[in-house]
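K.L.:
I need the structure of the sequence given here:
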Amino acid sequence: MCGINGIFSFKNKEEAVQQVRRMNQCIAHRGPDSEGIWANENCVLGHRRLSIIDTSEAGNQPFFSADKKLSMVYNGEIYNYIELKQELSSEFTFTTASDTEVIIAAYKKWGIKCIEKFFGMFAFALWDEDLQALFVVRDRLGVKPLYYSQQNSQLIFSSELRAVMSTGLVRKKIGQKSIVDYLRYQTVHAPNTIIEDVKMLMPGHYMKITSSGIATTCFWDQEKNATRGIENDDIKVVRKNIHDLMRSSVEIRMRADVPFGAFLSGGIDSSIIVGLMSEISSHQVKTFSITFHEKEFDESPYSELIANKFKTDHHPIKLHADDFLKLVPEALRSVDHPSGDGPNTYVVSKVTREAGVKMALSGLGGDEVFAGYEIFKRIKKLESGSWINMLPLGGRKVIGEILRKVRPSISSEKIADILREERIDFAHFYPHNREVLPEREVEKLLRNKNLPTNVVSELTEKINKSDLELLSKVSIAEMSTYMQNVLLRDADQMSMAHALEVRVPFLDHRLIEYVLGVGDKIKFPHTPKELLTSSFQDMLPREIIDRPKMGFTFPWAIWMRNEMKSFCEENIRSLSQIEVIDANASLELWQRFLNGDRYITWSRIWPLVVLGHWVKQHDVH
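P.N.:
The predicted structure follows:
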């Protein structure tokens, strides 16, 4: 796991080298083990290394082919590099044990089509001297980030947004569409970012850059690559296939030349991963969990149950809630791209890295793939109750307003907004699911009241045309919005702040392709993630399956009105740096929160605090 930087096309080579050197310094936390820069007359490539596979100097980057015609910088892991190396060994002589060299050999044999053979999480840039072309690639699920800015014929790219901004070649300007997206959903959905002139390469895509221009190609798509024709009548076959795919995913992600372990909360997802690791490994598995002195936050009875069952080398790291509180400002300083989430991942990563571990497996993605959120049940129930669409729109609006007055709450507010839609179905219902601030509150915060199109609505309209069943459509929506643009982004920026690599077995593309093809009849979660748990019924104790979902439920509202009050207010005032935001309106929203307005919860205010802190820290306007 590393960080990559680069610039294609420049007038002054030495100046471009210095800019990439600044970018390397900006992301030094991602790769403390080594640094490298390479340049020719067309491009400069920079790299920071966190060595996980082949920790010797032979694996340092930029990496070159034997004939020096290929130059590459790479962030990530190709998990099936051993199998690919065996396949290529009759034609290539390998001089290192790194997966980086395997990418070079695979490209030499298959060209850019080689990426279709890779199992892993990766973002890399490869210069081909013969083609006079630069290829920039991002993995199928977008586990690894890739930011870029195109300025006429010039392309700047990096693993982090702040590194792109550090070049001085990009305007630090927030656009109207980006700020509205952030206010609605506490994030900005790719390919856009919070900075108007910086984009993200979409998951499963690559760019080919030459002097003639940039061509972008999609090499993998969740919907198009989903398995069709699964025998959904034989649930035993489906369960066995899921079990085998999940086991293979965990096994291949345990390849490392450094100490590693697993995050263990005692939930379904992390428990299955730890159980499989224990079956596969000949050594005692290291597990890490954060426990709290306060019982209302503490999940240690569940994590200890799993640790004892699989006899892991368990490391419970006990904190007070106040310990977590003290780390919040530190976590915000590590934010690369603003997001309403993140401090939780920062704390888990910090204590795990301090325990001497360089890589950890995580249960991220289990809820999205196996229908773990309540939205899956709600939408299925809505579909079965399609009679509501027979009511006239005016009648539905009246029902919504009555509900809002009789039972005032955010839930009632969302239901009323849904009832105002022209039609109540997946495409119109889903965009309200992850919405943080409703349209009326977003409008109040902006000087320009003409809001751009809702990007999640655009996405769900597209997904709704798929021939996949409803729960699979919801999975694709969850993976394409909240998971990719909040969870994965935060997991990367917060873990790499501590030079910790996080691997996510539930996001193996083979597993996802298969599960997306499983029908709703089998997949519907009558009990929590029923298809997943029934595929591992001999592994999971009932206490884990039936346990209430906890997560980090700290007293944020209390903290923000007391210990963090001045910190929050100061950062909300910093929003005045953003011209499109009405500074007085943001302070009014803050005051409504302090006054206990039931419609302005801490989760609706916190993203504003994060954004204010970020624009102040990076001098963004």
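K.L.:
give me the number of residues near His526?
P.N.:
7 (other Cβ atoms under 10 Å). Where you see a C-beta, it was placed from the backbone N, CA and C, and this is true even at glycine.
K.L.:
in the helix or strand hosting Val180, what counts as buried?
P.N.:
In this assignment (DSSP states H and E), Val180 forms part of helix 176-185. By neighbour count on 16 or more other Cβ atoms under 10 Å, the buried set for helix 176-185 is Gln176, Ser178, Ile179, Val180, Asp181, Tyr182, Leu183, Arg184, Tyr185.
K.L.:
packing partners for the next helix-or-strand element following it?
P.N.:
Downstream of helix 176-185, the next assigned helix or strand under DSSP H and E is strand 199-200. Here strand 199-200 touches strand 147-151, going by 3 or more Cβ pairs under 8 Å, 6 or more residues apart in numbering; DSSP states H and E.
K.L.:
And the average pLDDT for the helix ranked longest in the chain is what?
P.N.:
In the chain, taking DSSP state H as the definition, the longest helix is helix 235-252. When pLDDT is averaged over helix 235-252, the result is 97.
K.L.:
Quick check: next helix or strand after that helix?
P.N.:
Following helix 235-252 toward the C-terminus (DSSP H and E): strand 260-263.
K.L.:
Domain map for this protein?
P.N.:
The chain breaks down by automatic domain parsing into domains covering 2-220, 229-370+479-545, 555-621.
K.L.:
can you redo those as TSV with distance to Arg404?
P.N.:
Shown next, in TSV, are those (distance: least, Cβ to Cβ, whole Å):
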stretch	distance to Arg404
domain 2-220	20
domain 229-370+479-545	24
domain 555-621	10
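K.L.:
right, and these - which one's nearest Glu413?
P.N.:
Glu413 lies closest, by Cβ to Cβ, to one member of the domains of the chain: domain 555-621, at 6.5 Å.
K.L.:
what's the span of the closest one, first residue to last?
P.N.:
This stretch, domain 555-621, spans 32 Å end to end (Cα to Cα, to the nearest Å).
K.L.:
Pull the distance from it to the chain's centre.
P.N.:
Relative to the chain's own centre, domain 555-621 is displaced by 24 Å; criterion: Cα atoms, centre = their mean, to the nearest Å.
K.L.:
do stretch 319-327 as well
P.N.:
Distance, centroid of stretch 319-327 to centroid of chain: 24 Å (Cα atoms, centre = their mean).
K.L.:
List the buried residues for it?
P.N.:
Judged by neighbour count (16+ other Cβ under 10 Å), stretch 319-327 contains these buried residues: Leu319, Ala321, Phe324, Leu325.
K.L.:
Same question for stretch 164-179.
P.N.:
Buried-residue list, stretch 164-179, by 16+ other Cβ under 10 Å: Val164, Met165, Ser166, Thr167, Leu169, Val170, Lys172, Ile174, Gly175, Gln176, Ser178, Ile179.
K.L.:
which regions of the chain sit below the pLDDT cut-off?
P.N.:
The chain contains residues with pLDDT under 70 at 1, 50-59, 385-386, 550-553.
K.L.:
Centre-most residue in it?
P.N.:
Nearest to the geometric centre of the chain sits Leu488, at 1.3 Å (Cα atoms, centre = their mean).
K.L.:
show me what contacts it?
P.N.:
Leu141, Gly142, Val143, Leu364, Val504 (Cβ atoms under 8 Å, 6 or more residues apart in numbering).
K.L.:
again with Ile522
P.N.:
Ile522 makes contact with Asn232, Ile235, Val238, Leu531, according to Cβ under 8 Å, 6+ apart.
K.L.:
Which among these count as buried?
P.N.:
Asn232, Val238, Leu531.
K.L.:
Could you name the helices and strands sitting against the helix holding Val180?
P.N.:
helix 439-445, helix 455-463, helix 602-617.
K.L.:
just to revisit the earlier point, export the buried residues of stretch 319-327 to CSV and tack on distance to His509 and secondary structure?
P.N.:
Formatted as CSV, the buried residues of stretch 319-327 follow (distance: Cβ to Cβ, whole Å; DSSP: H, G, I helix; E, B strand; the rest coil):
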residue, distance to His509, secondary structure
Leu319, 35, strand
Ala321, 38, helix
Phe324, 34, helix
Leu325, 38, helix
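K.L.:
and which of these is nearest to Leu45?
P.N.:
Using Cβ to Cβ, Phe324 comes nearest to Leu45 of the buried residues of stretch 319-327, at 38.9 Å.
K.L.:
what about the closest one, distance to Tyr346?
P.N.:
Using Cβ to Cβ, to the nearest Å, we find Phe324 at a distance of 10 Å from Tyr346.
K.L.:
again, but for Val620
P.N.:
Val620 is 21 Å from Tyr346, by Cβ to Cβ.
K.L.:
List the contacts of the nearest residue to Phe124 once chain neighbours are set aside.
P.N.:
Leaving out its chain neighbours, the residue that sits closest to Phe124 by Cβ to Cβ, 6 or more residues apart in numbering is Tyr74, at 3.9 Å. For Tyr74, the contacting residues are Cys2, Ile4, His47, Gln61, Phe63, Thr100, Ile103, Phe122, Ala123, Phe124, Ala125, by Cβ under 8 Å, 6+ apart.
K.L.:
Restricted to strands, list the residues you listed.
P.N.:
Cys2, Ile4, His47, Phe63, Phe122, Ala123, Phe124, Ala125 (DSSP state E).
K.L.:
Any chance of these in JSON lines with neighbour count as columns?
P.N.:
JSON lines is the format used below for these (neighbours: other Cβ atoms under 10 Å):
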{"residue": "Cys2", "neighbour count": "28"}
{"residue": "Ile4", "neighbour count": "31"}
{"residue": "His47", "neighbour count": "30"}
{"residue": "Phe63", "neighbour count": "24"}
{"residue": "Phe122", "neighbour count": "22"}
{"residue": "Ala123", "neighbour count": "25"}
{"residue": "Phe124", "neighbour count": "29"}
{"residue": "Ala125", "neighbour count": "29"}
